[in-house]
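> Sequence and predicted structure below; questions after.
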Amino acid sequence: MELNDVMLKRRSVRQYTDEPIPADKLERILKAGLIAPTSMNRKPCEFIVVQDKAMLKKMSEVKEYGSAMIADSSAAIVVIASEKNADTWIEDSSIALSYMSLMATDLGVGNCWCQVHLRKTGDGRDAETAVRQLLKLADEYRIVGILPLGIPAVEMKPHTGDEADFTKVQYR
Ligand SMILES: Cc1cc2nc3c(=O)[nH]c(=O)nc-3n(C[C@H](O)[C@H](O)[C@H](O)COP(=O)(O)O)c2cc1C
């Protein structure tokens, strides 16, 4: 697909079939994250691919709202970055997540950004800490978000581009 078409087609898909993600597609999605640009080319991001159903269920419960779809995903990519390696871990991780989301869309793999950083668990604990504990990660690892993946069980209307609000653009 043309890049513009991929961008319009990308939607937050939260319902998935039980089909696994073909290994070659998963690899291409990860490659998109691995080649994403990073500040000073430090490449601090690491990717944990969770496919174990029990772990996906646990991760889906890490927030009160907005993480339930992880339970039904075929795989979820947790983007982690050591804050010791890069003060730009938020930016670097966000770009990697976006690249992977666009590649997944291009390959027909449904996906949805699940925010972890700045979010709380249902009982008010820090969601990043909760994910770190589940995956037994050291405290230096920061977690912007998780990208659940699955073959879409719903068809989402692509964006048309008409919602682009040019009143938010200033030329000076
Ligand atoms: C930074 C960021 C955080 C988001 N966090 C969540 C989330 O935790 N759970 C969720 O279901 N969707 C989340 N989303 C998806 C947005 O709700 C979604 O992108 C937005 O409503 C527009 O819909 P669309 O992606 O279908 O175009 C997030 C998106 C972004 C960019």
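Nice, thanks for sending it over.
> Report the contact partners of residue 77.
Going by Cβ atoms under 8 Å, 6 or more residues apart in numbering, residue 77 touches 29-30, 33, 47-50, 100, 146-147, 149. C-beta here means a position set from N, CA and C on the backbone, and glycine is covered the same way.
> Not including adjacent chain positions, what is the nearest residue to it?
Distances taken as Cβ to Cβ, 6 or more residues apart in numbering place residue 147 nearest to residue 77, at 4.6 Å, with adjacent residues excluded.
> Next up, identify which helix or strand the closest residue to residue 10 other than its chain neighbours is on.
When the adjacent residues along the chain are set aside, residue 10 lies closest to residue 105, with 4.3 Å between them (Cβ to Cβ, 6+ apart). Using DSSP states H and E, residue 105 falls within helix 89-106.
> just checking, what packs against the helix or strand that that helix is followed by?
Next helix or strand after helix 89-106 toward the C-terminus (DSSP H and E): strand 110-111. For strand 110-111, the contact count by 3 or more Cβ pairs under 8 Å, 6 or more residues apart in numbering; DSSP states H and E identifies helix 89-106, strand 141-150 as packing neighbours.
> Packing partners of the shortest one?
For strand 141-150, the contact count by 3+ Cβ pairs under 8 Å, 6+ apart identifies strand 75-82, helix 89-106, strand 110-111, strand 114-115, helix 127-134 as packing neighbours.
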